[in-house]
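Asker: heads up, no residue letters with this:
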DNA sequence: AAAGTTTAGACAAACGTTTGTCTCATTGTC
DNA sequence: GACAATGAGACAAACGTTTGTCTAAACTTT
């Protein structure tokens, strides 16, 4: 007959008091040794004994108690709209990677753009002792009660540093590429209103279009609205555009996911990419290179944006001064989905000939 | 001249003691009211006063102190190999979603298959007060010191429940589909050794092949090895296979990502999918439906596997009995990448004709 | 009106750390 | 040999909760 042990893993976990008792020392002394607290004189012999005991009992200080006592929790909170979706996952990955490297842990909370959650989470995170917050693609209504850095922040808040892509640069890259290929009838796509980048990207592309002398036509504008992160978001818009009969030779998509939907919709309408229509994506998500055709796109260094944000936050927590915002540079990645413009009329003549 | 405030947000955050002092009550009484502690008689009038004050000062109990005191932290730790990658992200999303719905928070830690990290994390998580662990696609060497549930666990550990796909069912679905289309010369693909599913899936497909009378040829076997989650993993293997000249009409890919690489490699070799070669994926990741051709695949309900694991863990924490393992059913999703087999010789004759 | 019961709440210990202050013994200085 | 200086460590408060025990007043019951 076995005695039932009180806990499933047997004895209670080692703590300072147990260690102190075992060593015949006070908890404080043990603490001093284990933390190498400066200004405390403890002979090498004792230090060795303490360390050996800590090792023997596999002692791990309770971060909970330590945090309560007022020390840093080495924990931050990450606020994002959605889990398991390309853009956010990539940024999250950059943030998480850097944090783990610096021995920080993190809570992830997702809010699905619901205002009441966005409002509630910062204070819930604080109640869990986090030292700071990284908010990704999130519409913060007010300055959180904790040091905060945003990635693709929707608003400018005092004291909140923002990491964002240089959208004007991106627009010049993409439209410049299309114009160099001879495209002039270009369909523009506006992101869903809940996306932080939607408006800035839209405006940047218009500005670049004017600079490059590319005309914009209301009939060639597509507005995404569906709250989804799958390629279907752009599918109906493109179908409608094709049916409308307005001529165009290129589509400037809001992101790679909508570019996939675009290519599929064009494909089903009997239009070939890039022979008939060029398609330009945005983001350069992992599968962009492995689409058929592979996507020409504007690469956003998402991981780097995440790690930059994390780095900024850690600096801020360390009391160092940090810039108000950091812009990262986009990069044009030319693959197969764009090609020289061929006038649709010309193409039709070519075909019937 | 403004006086510098001690903290950036002004006054210190409200705590029980402050609230009690303000109300002229003891902290315990306030605690009783706020927690609706049963067995304590407190008049409605006082309750109202307390609640009003809590509201007024925007009081949030410190989870840190509460955890230290011995209560559940309402926090779990999620252990996974990699961030920002399809399979794991999807499962993570299922876990995270359910946990948030149940008002749990969670730490995510990734280990890149590094043994020393896998060994160290459980105890680090415990030192942070987590109540339990969900381990995704992780090779746990020993039973963690906390209640644990695994998804696609590599090993069977006593007391650790495992959520996994019914691989035999999956293999019968995929090979059955291919055989129904007339395929007999099928290339098999073995996952990277660090993937928990690699061996079970491989064995299951062999078993199903024997059942269905499909022959297996060593020349048609592809072994993935690259430690990556991008389609490039399968690219070289397929190129080599095509160059070898051994005839085949279908590829049973390890997952959707390798199916993308497969299609691309075939495409570049001048072989059309599905006209010349059928390609079957596995997982049904988000972009599978929007590939061209869209992928026929075996859907793994990844999110559901994640949420199931989380549910199991919460039940376990609540002291309810839970099963040792739960199998979830795969689903065949037929799209465009598979088609009736056409003998390559026949095809060549057809072309030259 | 005395005894018992209920009500409303205070008090204090505990959780596991960190850290400022204190004590005692040893060593060093003149 | 008296005194200060130092070394080694103990002690206790504090962090913000929860919760078991205790008390005083108010109400019942007979």
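Answerer: Sure, I can see it. On a predicted model such as this, the values are computed, not experimentally measured, just so you know.

Asker: Give me the distance between residue A:90 and residue A:287.
Answerer: Here the criterion is CB to CB, to the nearest Å. By it, residue A:90 lies 12 Å from residue A:287. (Each C-beta comes from the backbone N, C-alpha and C, glycine too.)

Asker: right, and the secondary structure at residue A:204 would be what?
Answerer: Residue A:204 carries the three-state label helix when classified by DSSP: H, G, I helix; E, B strand; the rest coil.

Asker: hang on, it packs against residue A:167?
Answerer: Yes - if you go by CB atoms under 8 Å, residue A:204 and residue A:167 touch, sitting 4.0 Å apart.

Asker: Which residue ranges of the stretch 201-350 of chain A form strands?
Answerer: With DSSP state E, counting those that start in this stretch, the ranges of strands along the stretch 201-350 of chain A come out as A:221-223, A:250-252, A:278-283, A:296-299, A:325-328, A:331-333.

Asker: Give me whichever of the ones you listed is most buried.
Answerer: Counting by mean count of other CB atoms under 10 Å in any protein chain shown, strand A:250-252 has the highest mean neighbour count of these, with a mean of 30.

Asker: per-residue confidence averaged over that strand?
Answerer: In this model, strand A:250-252 carries a mean pLDDT of 98.

Asker: pLDDT weak spots in the stretch 1-150 of chain A?
Answerer: For the stretch 1-150 of chain A, residues meeting the criterion pLDDT under 70 lie at A:1-11.

Asker: near chain B, which residues of it?
Answerer: Neighbours of chain B within the stretch 1-150 of chain A, by CB under 8 Å from any CB of the partner chain: A:8-9, A:13, A:58, A:60-65, A:67-68, A:73, A:75, A:83-86, A:89-90, A:92-94, A:96-97, A:100, A:105-110, A:123-124, A:126-129, A:145, A:147.

Asker: Can you tell me which of those residues are also in contact with DNA strand D?
Answerer: Restricting these to those within reach of DNA strand D (CB under 7 Å from any atom of the strand) leaves A:65, A:68.

Asker: follow-up on the earlier one: how about the strands of the stretch 201-350 of chain A, which one is nearest DNA strand D?
Answerer: Using CB to the nearest atom of the strand as the measure, strand A:325-328 is the one of these that comes nearest DNA strand D, at 32.8 Å.

Asker: pLDDT (mean, whole number) over that closest one?
Answerer: The average pLDDT for strand A:325-328 rounds to 96.

Asker: buried set for stretch A:22-33?
Answerer: Under the neighbour-count criterion of 16 or more other CB atoms under 10 Å in any protein chain shown, stretch A:22-33 has A:23, A:25, A:29, A:30, A:31, A:32, A:33 buried.

Asker: ugh, typo on my part, it should be stretch A:173-191
Answerer: The neighbour-count check on stretch A:173-191 (16+ other CB under 10 Å) flags A:173-175, A:177-179, A:181, A:183, A:185-191 as buried.

Asker: Now look at it and say if it contacts chain B.
Answerer: No - judged by CB under 8 Å from any CB, stretch A:173-191 stays clear of chain B, getting no closer than 15.9 Å.

Asker: Quick check: closest non-adjacent residue to residue A:139.
Answerer: Leaving out its chain neighbours, the residue that sits closest to residue A:139 by CB to CB, 6 or more residues apart in numbering or on different chains is residue A:154, at 4.2 Å.

Asker: How about the backbone phi and psi for that neighbour?
Answerer: Dihedral pair for residue A:154: phi -80, psi -30, per degrees, to the nearest 10.

Asker: residue contacts, it?
Answerer: A:137, A:138, A:139, A:140, A:196 (CB atoms under 8 Å, 6 or more residues apart in numbering or on different chains).

Asker: Among those residues, name the buried ones.
Answerer: Buried among the contacts of residue A:154 (16+ other CB under 10 Å): A:137, A:138, A:139, A:140, A:196.

Asker: so which of these are also by DNA strand D?
Answerer: The subset of those within reach of DNA strand D, counting by CB under 7 Å from any atom of the strand, is empty.

Asker: Just send those residues back as JSON lines, with secondary structure too.
Answerer: Listed next are those as JSON lines, based on three-state DSSP:
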{"residue": "A:137", "secondary structure": "coil"}
{"residue": "A:138", "secondary structure": "coil"}
{"residue": "A:139", "secondary structure": "coil"}
{"residue": "A:140", "secondary structure": "coil"}
{"residue": "A:196", "secondary structure": "coil"}
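
Asker: Now those residues in a markdown table, please, with extra columns for distance to residue B:251.
Answerer: What follows is those, written out as a markdown table (distance: CB to CB, whole Å):
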| residue | distance to residue B:251 |
| --- | --- |
| A:137 | 37 |
| A:138 | 42 |
| A:139 | 45 |
| A:140 | 47 |
| A:196 | 41 |
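
Asker: Leaving out sequence neighbours, find the closest residue to residue A:157.
Answerer: Nearest non-adjacent residue to residue A:157, counting by CB to CB, 6+ apart: residue A:143, 5.0 Å away.

Asker: which residues touch the residue nearest the centre of chain A?
Answerer: Computing the C-alpha centroid of chain A and ranking residues by CA atoms, centre = their mean puts residue A:91 first, at 2.5 Å. Listed by CB under 8 Å, 6+ apart, the contact set of residue A:91 reads A:80, A:136, A:137, A:151, A:152, A:302, A:303, A:305, A:306, A:309.

Asker: Mind doing that once more with 10 Å?
Answerer: Contacts for residue A:91 (CB atoms under 10 Å, 6 or more residues apart in numbering or on different chains) come out as A:78, A:80, A:134, A:136-137, A:151-152, A:163, A:300-307, A:309, B:84.

Asker: Let me know how buried the residue nearest to residue A:157 is, in neighbour terms.
Answerer: Residue A:143 has 15 neighbours, counted by other CB atoms under 10 Å in any protein chain shown.
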